[in-house]
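Colleague: this one's structure only:
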């Protein structure tokens, strides 16, 4: 009887072979790479076996790709690993700022050699930067950039938390209709993050005090109703 099913790493269980007395049960699985492999059920359950062996080969390929390269090559590999970790690993301390809010790494860059071919070796004093901070990591949206360039680019990538949601300033502006400049100005004036993005846009009436937008129209409508009642 097949009591084991589903996915374990890159392996999908096709069927389980019942073991005889004293024998271990085995599972026939299809790996994502296309190979079929027979593995020990206990190793599968414990997470000791997660592929047909291709995961180990991929890991070794990444190590070999940087073996013998300069320190620049090592930095490039380190950037690749860190990028994938913050987007794919929920245990990463930065996951909530990347993978947790939908920032992904393109499928082609699962292979370090493709990443290296697309981006080239990482220059000194740079790190990988997304040109559009609301999009993921890909050849068309990434560059090696200095910290100064990245800081300028990240002014609208500042993540604000309000109402139980964490979004960039750009995303809050799109969702609320409040301009990026207004949100940033509010923050500079000492507003809390929640107030900066959830307080409705204001308009100025003749007395010069700030009132919620459309409040004047609502007041005029109310005055009209009062006038009719008086008549």
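Modeller: Structure's in. What do you need? Bear in mind that the values here come from a model prediction, so they are computed numbers and not experimental data.
Colleague: pretty sure residue 170 belongs to a helix, no?
Modeller: Yes - Residue 170: assigned to a helix according to DSSP: H, G, I helix; E, B strand; the rest coil.
Colleague: any idea how far residue 47 is from it?
Modeller: Between residue 170 and residue 47 the distance, using C-beta to C-beta, to the nearest Å, works out to 39 Å. The C-beta positions use only the backbone N, C-alpha and C, and glycine is treated the same way.
Colleague: between those two, who's got more neighbours?
Modeller: Ranked by neighbour count (other C-beta atoms under 10 Å), residue 170 and residue 47 place residue 170 first, with 17 against 9.
Colleague: my guess is that one contacts residue 181, does it?
Modeller: No - under the criterion of C-beta atoms under 8 Å, residue 170 makes no contact with residue 181, lying 11.7 Å away.
Colleague: tell me what whatever helix or strand residue 15 lives in is packed against?
Modeller: Here residue 15 sits within strand 11-17, counting by DSSP states H and E. With contacts defined as 3 or more C-beta pairs under 8 Å, 6 or more residues apart in numbering; DSSP states H and E, strand 11-17 has these neighbours: strand 26-31, strand 36-40, helix 41-46.
Colleague: Let's have these in a markdown table, adding mean neighbour count.
Modeller: Below are these laid out as a markdown table (neighbours: other C-beta atoms under 10 Å):
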| stretch | mean neighbour count |
| --- | --- |
| strand 26-31 | 19 |
| strand 36-40 | 15 |
| helix 41-46 | 15 |
